[in-house]
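Undergrad: what follows is a predicted protein model with its sequence.
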Amino acid sequence: MSIDDIESMDSNVQEYKDVESGAYRGEEHQNDGHELTSTISKISGLVKKFTHGETNDEEDDRQKLEKLISNHSQAISRLLSNYEEGYGGLGPVEQPIDHEKTVSEFTPDPDTDFHENDPWRYPISEETQMRLVVFVDGDEKNPQNWSTRYKWFLTVLLGTVCFDVALASAIVTGYIKGPMKTFGVSQEVVILTVTLFVLGFGFGPLMFAPLSEEFGRNAVYFSTLLVAVIFIIPCAVAKNIGTLLVCRLIDGLAFSAPMCLIGGSLADLWRIKERGLAMTVFSAAPFIGPVIGPLIGGFIGDNAGWRWLYWVLLIFSGAIYVLFVVLMPETSHSTILKARAKKLRKITGDDRYRALPELKVRTTKQVVEETLLRPLILLSELIVFLITMYMSVIYGLLYMFFFAFPVVYSEGKGWSDSKTGLMFIPIAVGVLVATAASPIINKKYNERAEAYKRKGEIPPAELRLIPMMIGCWFVPVGLFSFAWSSYPRISWAGPCFSGFACGLGFNLLYNPANNYIVDSYQHYAASALAAKTFVRSVWGACVPLFTIQMYHRLGYQWASSLMAFISLACCAIPFAFYIYGARIRKWSKYAYSPTPDAAANDTNSESTANKN
């Protein structure tokens with residue numbers, strides 16, 4: 001039975017709406033103050049669980065659930081397999097892709113066999129003997145049914161948080177010499193304030209992704225962002241370099257949570273056909289924030305001193321945090337449905353009410369294996385390894401510019417930090433142009449994919465590589481231009497406007513690379529993306545440590561040319577996978593490579609669902 005059959009199980013939608021606004025408005029039906037109160041209790045529950053373990057009620061409920069699962073293990077395994085496949089194989093780790101979240105389930109006639117205290121009339125599943133809690137037709141608590149205006153408001157709010165996080169990583173690069181003079185340390189030591197922050201981006205998702213599955217997105221958002229905002233204060237008042245470095249590492253870890261969860265929040269809000277433009281907002285923010293950071297930081301540092309970099313960041317981040325806590329509702333489908341199932345178990349006394357995510361019971365060992373070990377295993381996959389290396393190079397180039405520009409402009413031309421910061425504007429413009437082109441790219445992909453579907457075939461993952469095959473050339477072109485126009489005697493315009501090509505290439509490569517990994521690995525996509533994020537962040541953290549020395553030893557021209565040659569060599573990667581990718585996936589133990597029969601079945605199922 002398709003998801004459309006499930007969603008239409010409540011024939012009396014008005015009765016459902018009446019209940020939503022009346023007697024059954026409980027923990028899951030929060031608004032405004034109730035939302036904040038519930039999230040605060042989840043945060044305290046998170047702390048309590050990790051300090052005292054599960055409560056007696058939680059332990060009893062877990063035992064009942066395990067008994068139900070053991071009695072119908074095969075049916076539940078099939079159900080979960082369909083559920084995860086509909087999810088595109090994704091967990092909460094970095095989810096900027098366009099797979100629809102769907103659920104397949106087996107239920108009897110929805111007009112019979114429902115509990116009298118159940119306003120949604122969830123029937124008993126014949127195979128699982130459970131009352132499976134899903135969103136019903138017209139469900140007001142389904143974030144995808146909220147008004148378009150409200151969803152865009154939340155999208156902008158999430159994008160602003162993402163921009164704030166990215167800004168925090170790079171704003172300090174605008175005035176490196178300030179802490180050097182205050183603490184009497186070398187340039188390399190102060191650069192560690194960037195390295196440690198970006199390093200936190202790599203390790204944070206490994207911790208926060210599993211927590212968001214258990215406690216919801218908002219509990220993780222609110223708690224981690226609070227820690228991040230608080231630890232900006234000791235950075236601003238630090239009396240020694242050690243305090244500054246430790247607090248920057250903590251900030252990097254705490255700020256990493258939004259970066260790995262916001263894509264999932266947007267997927268919660270938007271359906272496939274609506275999601276493209278919203279995802280472009282998210283994908284641009286990680287590039288725009290770091291580029292704007294040195295621009296703002298240079299002016300603040302020149303006019304107010306380096307400590308005001310952190311005070312301004314505190315004011316901005318604090319204001320964003322307050323707005324976010326007050327205005328952001330819980331969007332996680334699994335969290336909303338688990339809360340509904342828990343409420344129904346309480347008011348009906350029937351333990352068979354279960355949301356699908358509850359059926360996936362994992363031990364601590366399984367969580368560790370999935371979040372820590374599996375990403376490392378997937379790095380041995382050729383597709384994951386080479387795409388990860390490519391994206392690491394691109395991410396490293398972005399952070400290389402933060403220290404290459406001061407060498408070329410401040411040292412070479414004698415410019416101030418604030419004037420040097422202006423040279424980052426073309427990179428931002430390039431990112432924005434690529435962002436504006438994203439709807440066209442998505443439209444072209446959908447047209448190609450539909451052509452395969454009309455033939456009864458599944459669109460190959462390699463279709464995702466076409467934008468990469470176009471965008472990859474902009475990066476080496478920009479780098480070569482930057483390299484050989486960076487002589488002190490040559491006008492500033494050459495190296496400045498070369499940044500436009502690099503910014504354009506960065507954004508044209510980022511989203512297609514993510515989408516290719518997702519389409520290639522399906523059930524293991526979350527782990528593959530986690531591996532990519534971890535390696536990318538580690539490399540991005542290391543690049544600032546050697547950039548200045550590289551430019552001094554090789555010279556402005558050959559240092560940039562070296563990176564240009566590396567990026568040029570990487571251009572072969574999307575072309576190689578476009579030709580050989582399907583064959584590589586067929587040989588792989590983990591990659592998704594459907595047989596012709598499976599492809600036909602999937603396509604027919606999708607066509608049926610679309611007709612319904």
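TA: Arrived safely.
Undergrad: can you give me the neighbour number for Ile425?
TA: 17 (other CB atoms under 10 Å). (C-beta placed from N, C-alpha, C; glycine too.)
Undergrad: for it, which non-adjacent residue is closest in space?
TA: With CB to CB, 6 or more residues apart in numbering as the criterion, Ile425 has its nearest non-adjacent residue at 6.9 Å, and that residue is Leu295.
Undergrad: burial count for that neighbour?
TA: 20.
Undergrad: separation between it and Glu370?
TA: 40 Å (CB to CB, to the nearest Å).
Undergrad: about what we covered before: for the residue nearest to Ile425, give me its contacts.
TA: Neighbouring residues of Leu295 by CB atoms under 8 Å, 6 or more residues apart in numbering: Gly174, Gly421, Leu422, Phe424, Ile425.
Undergrad: helix, strand, or coil at it?
TA: helix (DSSP: H, G, I helix; E, B strand; the rest coil).
Undergrad: for it, give me the pLDDT.
TA: pLDDT, Leu295: 90.
Undergrad: same deal with Ala525?
TA: Taking Ala525 on its own, its pLDDT is 78.
Undergrad: cool, Phe316 as well?
TA: Note on Phe316: pLDDT of 96.
Undergrad: which helix or which strand is home to the closest residue to Thr331 other than its chain neighbours?
TA: When the adjacent residues along the chain are set aside, Thr331 lies closest to Asp268, with 3.9 Å between them (CB to CB, 6+ apart). Using DSSP states H and E, Asp268 maps to helix 241-269.
Undergrad: any regions of the protein where pLDDT drops low?
TA: 1-113, 126-128, 276, 361, 595-612 (pLDDT under 70).
Undergrad: what's stretch 398-416 in contact with?
TA: 170, 173, 176, 191, 194, 198, 287, 290-291, 293-294, 298, 302, 417, 419-420, 423-424, 427, 482, 486-488, 492, 495, 499, 502, 506, 540-541, 543-544, 547-548, 551-552, 556, 559-560, 563.
Undergrad: could I get the contacting residues of the residue nearest to Thr331?
TA: Pro143, Gln144, Arg217, Thr331, Ser332, His333.
Undergrad: returning to that earlier point: from the contacts of stretch 398-416, which would you call buried?
TA: 170, 173, 176, 191, 194, 198, 287, 290-291, 293-294, 298, 302, 417, 419-420, 423-424, 427, 482, 486-487, 492, 495, 499, 502, 506, 540-541, 543-544, 547-548, 551, 556, 559-560, 563 (16 or more other CB atoms under 10 Å).
Undergrad: now, those residues that are in helices?
TA: If you go by DSSP state H, those have 170, 191, 194, 198, 287, 290-291, 293-294, 298, 302, 417, 419-420, 427, 482, 495, 499, 502, 506, 540-541, 543-544, 547-548, 551, 556, 559-560, 563 in helices.
Undergrad: tell me where the stretch 51-200 of the chain has helices.
TA: 56-71, 73-86, 148-170, 177-183, 187-215 (DSSP state H, counting those that start in this stretch).
Undergrad: let me fix that, I meant to ask about the stretch 301-450 of the chain.
TA: Using DSSP H, counting those that start in this stretch, the helices of the stretch 301-450 of the chain run over 307-327, 333-348, 364-368, 374-378, 382-405, 412-413, 417-421, 425-454.
Undergrad: would you reformat those helices as TSV and include distance to Ala238?
TA: Compiled in TSV, the helices of the stretch 301-450 of the chain are given as follows (distance: least, CB to CB, whole Å):
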stretch	distance to Ala238
helix 307-327	8
helix 333-348	38
helix 364-368	35
helix 374-378	34
helix 382-405	21
helix 412-413	31
helix 417-421	20
helix 425-454	30
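Undergrad: what residue of this structure is the furthest out?
TA: Arg489 (43.2 Å; CA atoms, centre = their mean).
Undergrad: pretty sure Trp120 is touching Val136, no?
TA: Yes - with contact defined as CB atoms under 8 Å, Trp120 and Val136 form a contacting pair (5.5 Å).
Undergrad: do I have it right that Ile441 meets Met468?
TA: No - at 10.5 Å, Ile441 and Met468 do not qualify as touching, with contact defined as CB under 8 Å.
Undergrad: more neighbours, the two?
TA: Per other CB under 10 Å, whichever of Ile441 and Met468 has more neighbours is Met468, with 26 against 19.
Undergrad: what sits against that one?
TA: By CB under 8 Å, 6+ apart, the residues touching Met468 are Leu508, Leu509, Pro512, Ala513, Tyr516, Pro574.
Undergrad: surely it is within a helix?
TA: Yes - judged by three-state DSSP, Met468 forms part of a helix.
Undergrad: quickly find the element holding the residue lying closest to it once chain neighbours are set aside.
TA: Of all residues not flanking Met468 in the chain, Pro574 sits nearest, at 3.9 Å (CB to CB, 6+ apart). Assigned by DSSP H and E, Pro574 falls within helix 572-587.
Undergrad: name the residues that touch that helix?
TA: 382-383, 386-387, 390, 460-462, 465-466, 468-469, 472, 512, 516, 520, 591-593.
Undergrad: Glu457 - that's part of a helix, no?
TA: No - according to three-state DSSP, Glu457 belongs to no helix; its state is coil.
Undergrad: number of nearby residues for it?
TA: Using other CB under 10 Å, Glu457 has 16 neighbouring residues.
Undergrad: can you tell me how far it is from Ala449?
TA: 10 Å.
Undergrad: swap in Asp350?
TA: Taken as CB to CB, the span from Asp350 to Ala449 is 43 Å.
Undergrad: Lys365 too?
TA: In terms of CB to CB, Lys365 sits 39 Å off from Ala449.
Undergrad: and for Glu188?
TA: From Glu188 to Ala449 the distance is 48 Å (CB to CB).
Undergrad: would CSV of the contacts of Leu295 with distance to Gly581 be doable?
TA: Converted to CSV, the contacts of Leu295 look like this (distance: CB to CB, whole Å):
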residue, distance to Gly581
Gly174, 41
Gly421, 41
Leu422, 41
Phe424, 35
Ile425, 37
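Undergrad: what residues are up against Asp302?
TA: Tyr175, Ser416, Asp417, Ser418.
Undergrad: run the last query once more with 7 Å
TA: Ser416, Asp417, Ser418 (CB atoms under 7 Å, 6 or more residues apart in numbering).
Undergrad: tally of neighbours for the first one?
TA: Applying the criterion other CB under 10 Å, we find 13 residues in the vicinity of Ser416.
Undergrad: torsion angles phi and psi at it?
TA: Phi and psi for Ser416, reported as degrees, to the nearest 10, are phi -80, psi 170.
Undergrad: so Arg354 sits against Val133, correct?
TA: Yes - with contact defined as CB atoms under 7 Å, Arg354 reaches Val133; the gap is 6.5 Å.
Undergrad: common neighbours of those two, please.
TA: Common neighbours of Arg354 and Val133 (CB under 7 Å, 6+ apart) are Ala341.
Undergrad: test my guess that Pro234 contacts Asn240.
TA: No - at 10.8 Å, Pro234 does not count as touching Asn240 under the criterion of CB under 7 Å.
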